[in-house]
Every structure is written in structure tokens, then in C-alpha cells.
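Enquirer: any chance you could fold what I've pasted below:
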Amino acid sequence: MKIAVVAQHATPLHPRSGFSPRSDDDVLRELTTALARQGHRVTVYVQQRRPAATGRADLGNGLRVEHITVASESDGADEAGLLAQVPAFADPLRARLTRSRPDIVHAVGWTSGLAALSATRGLGIPVVQSFSSLGIAENRDHPVGRVRTRPQDQPHARLRLEPAIGRSADAVVAASSDVVADLTRMGVPRKSVRYVPWGINTGTFTPEGPVAERTGRPRLLTPADLTEREPLETLLRALTKVPGTELMIVGGPARDRLSSDTAYRALAAVSGSLGLSDRVTFTGRVSRDTLPALLRSADLVVSTCAYEPSGVTSLEAMACGTPVMAPPTGGHQDAVVDGTTGVIIPPGRPALLAQRIRQLLAQPLLMEAYGVAAADRVRSRYSWDRIAAETLAVYDRTLGTVEAAA
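Expert: Numbers count the residues shown, from 1 in each chain. Alright, predicted model coming up:
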């Protein structure tokens, strides 16, 4: 099959470094590599964003990246800027799709969907749209610790266009059951939506491998966005009721830049006021190569995030054989099997969170069983080869439906 992947603002060539629960570049690289590995020809169309980027990069094994230079006065820093760049990207994209016609186009992200639908108009090429997150969900579940954005206070373009994109595409891939439910409520036909989660590199994230240096204390680890202050404060307050444990907070700017980061300073002040400074470590941003060793060193990975659509932080921990405690939001509720691979716990309840952490740490055999089951679940359900196979099944079904309707 000849597959065109439209990812206007991502690239498999230069994944952004460091931990991020929404690393679109990394996901794009893994998915397209897995599709090509299964014998398909994959071309990824991206907007040129690096001066050194060339027009085309052949990655071998049927995978290549083509850059489209966009001449636009907008820097794309906000929603209006992103939207303004779509026509300048869609026109040359249409020319390339006409010249090298694919069997199917897969758009990643809402602006990519707009570009793909515009570029394929009248060409008879089916379009599959991926949504890893939706504007309506990000607004609804936005952490209170940040400056909350209400629908009436923000540009309406994304909120209005995502349902239209979903209804216009021939098929929609949703990264979590939450996204599936939201799309259905937004009027996207349920029969056109398929749940295909993000995958995990089960060769990198595995129980076997180096383990980061430990102290003598039980270790909790939370991969976090430091700007999500309220969820992290919930975890810090819980830690005051779990004596003898340490907490490693992974995320934010590079370690040597933490001291100048406003979010870090605020959280460090809260940690100090709670008497936790000697038990809380802020690692700052870590590389993808470093993260597995950190996850293996933890007794328990705890997420208190208000919203994580993909659940990738839970999956990476589980793949390393570390049980997870997470809220029933976004991809967490798909990834974590409560009472089997970890614990699902309501958000915003520090006393209950502390109680459940104490209970788990007091049962090492149960923790070990959770870790074994977690690693097995990721290997069997979330490997990139399986995710690629499920994505290809969406393509095949879409092509069959379009052909039958022709």
C-alpha cells in the first residue's frame, strides 16, 4: 500500500528531546517506521521548520519524509497563526499528491486534517484523520493550576473545525476511549471512528536494563508538566502522609535551567513549606534514553495529571515493569487495569491517594505481581507492530467502504 501521512507540524526526523507526555514527533517516527517495516511505502509530508531541512529525506525501508516550505507571515505560535498557514501548506501538498498519488492519506492533528481534506478535494483519495486529543477535552479538563481558558475566551476555530474535520474524513482514528466518546457527542458518526491507542517501543521500555541509582527509601516517580501546579500539589500533600518515601518529579526545563523556571520555583516553595525538601527531587527534562532507567528505579509511578489523552506515561512505566497509580482520565483509564497492573484513583484527594500508596508499598508481593502484569499487557497490546497492524486495518476498511460506495 502507498500511504501518505500528513503531519504539518511534526516530523519523524528530529524528535523533540526530553520527556513529554505528548511527543507527537516520537509517535510519528514509531508509527511510520512500523508501517514501512510491514512492507508499505510511506511518505510523510511535513512543514519545513528547520533551516537545515532538505526537500526530501529517504529513511530507507520504504519510508521517506518530504518537506514543504511555507511562506507565511504568521509564525504559527497560536491557533490563529496555525490556521493561517494551512492554505500555504495545502496547495503544494495537493500538487505532490497529484504527482505521486497514494492509496490513502492519513492526517495527524487538526491542522493537518484541514490541509489533507483541502489537498485531496476532487482527487478521490480517502482521508483518515487521527485525533490524539481534542480542543473541547483540553478545555474541559484543563488543570486549574494553570490559567484556565474558557470556550468563550479562546479562538473558536479549533472547537468548531474538529467536529467538521471528523465528519468530512472517511475514517477517524482516536487515541483513547475518551476521544471516541467526545467525537460521538460532537456528531461524528460512531461507525467511522476506530480506537487505536498510541504504542510503546517495547525494545526500549522493558523491565530488563539499567536501573538508576537509588537511595534506601521507597521511591515514587511522577512524570509531570510543572505548569500543572494543582495536581502536583495534591501529590506533594499526599507525600506528607507517606513517611519514609521519596518522590522524583520528572519533567520541565533542563536541570540547569530549573532555577530560573517560575513553575519549578513555585512547586519547590510548596515542597519546602510542607517539609519535603529532603524527600523531593526535581530531575528537570530527561532524555528518552535516560527515562527507562528512572522508571525501573521506581517502586510506583504516580500520575495526578488533570488530562493526558494518550496515557503514554502510564504505558512507559508499565512496560518497564513498574506499577502505576493514575486518575480515570484520558488514556490512563484505557492503559491501567485497576487491581491488575496498578490502581485507578479519583483525582484531587490527597488523603485517599496517600492511603492507597501506603497500602501498596506495604504489599511488595502485590506490587511485583502488578509489575509483571503491567509489562505483559504493554507487550501484548501496545507494541508498535500491533498498533501499525490496527492502523492498516483502518486503512483497508476505509478503502473497502470507499470502493463499495463508488
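
Enquirer: in a strand, Leu258, correct?
Expert: No: per DSSP: H, G, I helix; E, B strand; the rest coil, Leu258 lies outside any strand segment and is helix.

Enquirer: if I look at Ala175, how far off is Phe131?
Expert: Look at Ala175 and Phe131: by C-beta to C-beta, to the nearest Å, they are 7 Å apart. Yep, even glycine has a C-beta here, placed from its N, CA and C like the rest.

Enquirer: pull the distance from stretch 2-9 to the chain's centre.
Expert: 18 Å (C-alpha atoms, centre = their mean, to the nearest Å).

Enquirer: can you give me the neighbour number for Gly81?
Expert: 13 (other C-beta atoms under 10 Å).

Enquirer: repeat that for the one 4 residues further on.
Expert: Residues near Gln85, counting by other C-beta under 10 Å, number 21.

Enquirer: also Pro364?
Expert: 11.

Enquirer: buried sites along the worst-scoring helix or strand of the chain on mean pLDDT?
Expert: Lowest on mean pLDDT, DSSP states H and E among the helices and strands of the chain sits strand 56-60, with a mean of 78. Applying a neighbour-count criterion of 16 or more other C-beta atoms under 10 Å, one finds 57, 59 buried in strand 56-60.

Enquirer: packing partners for it?
Expert: With contacts defined as 3 or more C-beta pairs under 8 Å, 6 or more residues apart in numbering; DSSP states H and E, strand 56-60 has these neighbours: strand 63-68.

Enquirer: neighbouring contacts of the strand it packs on?
Expert: With contact meaning C-beta atoms under 8 Å, 6 or more residues apart in numbering, strand 63-68 is reached by 11-13, 32-33, 35-36, 42-48, 53-59, 89, 92-93, 96.

Enquirer: next: stretch 337-345.
Expert: Residues outside stretch 337-345 that contact it (C-beta under 8 Å, 6+ apart) are 314, 318, 323-328, 332-333, 335-336, 352-353, 356, 360, 370, 373-374, 377.

Enquirer: same thing but at 10 Å, please
Expert: 300-304, 314-315, 317-318, 322-329, 332-333, 335-336, 352-353, 355-357, 359-360, 366-367, 369-378 (C-beta atoms under 10 Å, 6 or more residues apart in numbering).

Enquirer: swap in stretch 350-362?
Expert: 218, 220, 233-245, 299-300, 302, 304, 323, 325, 327, 342-347, 349, 366-367, 370.

Enquirer: the same query, at a cut-off of 6 Å, please.
Expert: Stretch 350-362 is contacted by residues 218, 234, 237-238, 241-242, 343, 345, 367 when judged by C-beta atoms under 6 Å, 6 or more residues apart in numbering.

Enquirer: do a quick rundown of the helices in the stretch 51-200 of the chain.
Expert: 79-99, 110-119, 135-140, 157-168, 177-185 (DSSP state H, counting those that start in this stretch).

Enquirer: please convert these to TSV, extending it with distance to Glu308.
Expert: Listed next are those as TSV, based on distance: least, C-beta to C-beta, whole Å:
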stretch	distance to Glu308
helix 79-99	21
helix 110-119	18
helix 135-140	11
helix 157-168	19
helix 177-185	10
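
Enquirer: can you lay out the ones you listed as JSON lines showing mean pLDDT?
Expert: Conversion of the helices of the stretch 51-200 of the chain to JSON lines gives the following (pLDDT from 0 to 100):
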{"stretch": "helix 79-99", "mean pLDDT": "88"}
{"stretch": "helix 110-119", "mean pLDDT": "95"}
{"stretch": "helix 135-140", "mean pLDDT": "81"}
{"stretch": "helix 157-168", "mean pLDDT": "93"}
{"stretch": "helix 177-185", "mean pLDDT": "94"}
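
Enquirer: quick one: closest of those helices to Gly209.
Expert: Proximity to Gly209 (C-beta to C-beta) singles out helix 177-185 among the helices of the stretch 51-200 of the chain, at 30.8 Å.

Enquirer: biggest separation within the contacts of stretch 350-362, which pair?
Expert: Arg237 and Met367 (22.7 Å).

Enquirer: neighbour-wise, which of Ala175 and Phe131 wins?
Expert: Higher neighbour count among Ala175 and Phe131: Phe131, with 28 against 23, using other C-beta under 10 Å.
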